[in-house]
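Colleague: I would like to see how this sequence folds:
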Amino acid sequence: MQVRGLLLLLALVLLAATAEAGKNKKEKVKKDGSECEDWHWGPCVPNSKDCGLGYRQGTCKDESRKLKCKIPCNWKKKFGADCKYKFESWGGCSAQTGVKTRSGILKKALYNAQCEEIVYVTKPCSSKIKSKSK
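Modeller: The predicted model follows:
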């Protein structure tokens with residue numbers, strides 16, 4: 001009977017220690033967190049050149065913060081790294097202009113970025129004629 005009591009006491013001590021550890025984590029989050037909910041974030045500015053690691057500046061009332069961000073080196077510079085689009089397939093080649101076109105519809109705007117709803121992309125037609133391999 002004493003062994004059961006000892007095990008029960010040990011279980012209660014472990015439970016109390018776990019609960020105390022959870023409280024400490026919550027307190028840390030409150031200290032680091034902000035009560036402000038209306039953050040306005042600027043574009044990601046790379047540390048060097050036009051892609052790679054960088055920082056995004058955010059402001060809310062009197063507070064300001066910097067977040068780490070990354071601009072992929074193959075991003076569509078014309079649209080901005082914070083505007084994500086769903087693109088259609090490429091259209092046919094125009095004989096007059098020598099380019100083909102496709103459109104993209106806005107899928108997601110990150111960090112309240114100002115994005116166009118529909119964008120158009122062109123690229124030169126390839127001069128090679130692809131043959132079907134059998």
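Colleague: ok, whichever strand or helix holds residue 100: who's next to it in the sheet?
Modeller: For residue 100, the element it lies in under DSSP states H and E is strand 99-109. Strand 99-109 has its sheet partners listed here by DSSP bridges as strand 83-87 (antiparallel), strand 118-124 (antiparallel).
Colleague: return the alpha-carbon coordinates of the shortest one using CSV.
Modeller: Translated: strand 83-87. C-alpha atoms of strand 83-87 as CSV (Å, rounded to 0.1, in the frame of the first residue of the first chain):
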residue,chain,number,x,y,z
CYS,A,83,2.5,38.4,-54.9
LYS,A,84,1.8,34.8,-55.8
TYR,A,85,-0.1,34.0,-59.1
LYS,A,86,-1.7,30.9,-60.7
PHE,A,87,-0.6,31.0,-64.4
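Colleague: who touches that strand?
Modeller: Contacting residues not belonging to strand 83-87 are listed as 76, 79, 102-110, 113, 115-116, 119, 121 [CB atoms under 8 Å, 6 or more residues apart in numbering]. In short, each C-beta sits where N, CA and C put it, glycine included.
Colleague: are any of those buried, and which?
Modeller: Among those, those classed as buried by 16 or more other CB atoms under 10 Å are 79, 104, 110, 113, 115, 119, 121.
Colleague: can I get the strands paired with strand 99-109 in a markdown table including mean pLDDT and distance to residue 57?
Modeller: Formatted as a markdown table, the strands paired with strand 99-109 follow (pLDDT from 0 to 100; distance: least, CB to CB, whole Å):
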| stretch | mean pLDDT | distance to residue 57 |
| --- | --- | --- |
| strand 83-87 | 91 | 18 |
| strand 118-124 | 92 | 25 |
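Colleague: pick the most deeply packed of those strands.
Modeller: strand 83-87 (a mean of 15; mean count of other CB atoms under 10 Å).
Colleague: assumed residue 92 was part of a helix.
Modeller: No. Residue 92 is assigned coil when assessed by DSSP: H, G, I helix; E, B strand; the rest coil, not a helix.
Colleague: ok, and the closest non-adjacent residue to it?
Modeller: residue 100 (6.5 Å; CB to CB, 6 or more residues apart in numbering).
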